[in-house]
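Q: Give me coordinates for this.
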Amino acid sequence: MIKVTEQIKGLNVLKMLKDSGSIMEGHFKLTSGYHSKYYLQCAQLLQYPDLTSKIARQAVDILGREIDIEKIKTVISPAVGGILFGYMLAYRMNTKMIFAERKNSSMELRRGFKINPGEKIIIAEDVITTGGSVNEVIDICKDSNARIEAIISIVDRSYGVKFDFPYFSLIKLNIEKYLPSRCPLCRNNLKIVYPGSKK
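A: Okay, here's the model as predicted:
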């Protein structure tokens, strides 16, 4: 079951996710190890620049009510899921965008990307479930002595994940998940798929 627990007014994000095919149904193993009947693949929505632009515009409105976005120097996203959202967000904020990518199982900056000490940063992700990738990006920013002003995602499907920085999302979803030992989908012998990037 998918339950919307909070949604930003003025933009029906759930409808956008459904219409774009971003909500997949089947038997999925999540990065957390839990199983679920549903998996969010926001890339299906983000492949459409017009929809991504609407999402990013709403995200800028949310952030603008809480922080001085004109002082933001960089938007950073974990690869690969957050890149398209982060890029469009940076475009809307008229700033630069970089991304961290996984190498040898941990996130790092590559391709000549740099973060300067004191640089004000927004971290942008498509979906936050456990917060693991975002926490790795936070560590990268801290190591560079940057100033993280906020974290924003399109979807918060976590169960109350906490960061040490302001966190905003456009929609919060409560999606039922199961321990593998108690998974009804396993009991029905449904083929399991692991679509995550962190093996």
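Q: Sketch out the low-pLDDT regions of this structure for me.
A: For the chain, the stretches flagged by pLDDT under 70 are 1, 196-199.
Q: Please work out which residues outside the longest helix seen in it touch it.
A: For the chain, the longest helix by residue count, based on DSSP state H, is helix 49-64. Residues external to helix 49-64 that are found in contact with it (CB atoms under 8 Å, 6 or more residues apart in numbering): 8, 10-11, 13, 16, 20, 45-46, 69, 84-85, 88-89, 91-93, 122, 124, 150, 152, 154, 168, 170. For glycine as for every other residue, the C-beta is placed from the backbone atoms N, C-alpha and C.
Q: again with stretch 190-197
A: Defining contact as CB under 8 Å, 6+ apart, one finds that stretch 190-197 is touched by 24, 26-31, 35, 39, 41, 80-81, 102, 185-186.
Q: Go again with 7 Å.
A: Gly26, His27, Phe28, Lys29, Leu30, Thr31, His35, Tyr39, Gln41, Val80 (CB atoms under 7 Å, 6 or more residues apart in numbering).
Q: Can you select the buried ones from those residues in PyMOL?
A: Command for PyMOL that selects the buried part of the contacts of stretch 190-197, burial taken from 16 or more other CB atoms under 10 Å:
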select buried, resi 27+28+29+30+35+39+41
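Q: can you list the contacts of stretch 190-197 in CSV and add distance to Leu63 and secondary structure?
A: Below are those laid out as CSV (distance: CB to CB, whole Å; DSSP: H, G, I helix; E, B strand; the rest coil):
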residue, distance to Leu63, secondary structure
Gly26, 34, strand
His27, 36, strand
Phe28, 31, strand
Lys29, 33, strand
Leu30, 28, coil
Thr31, 26, coil
His35, 34, strand
Tyr39, 27, strand
Gln41, 25, coil
Val80, 23, coil
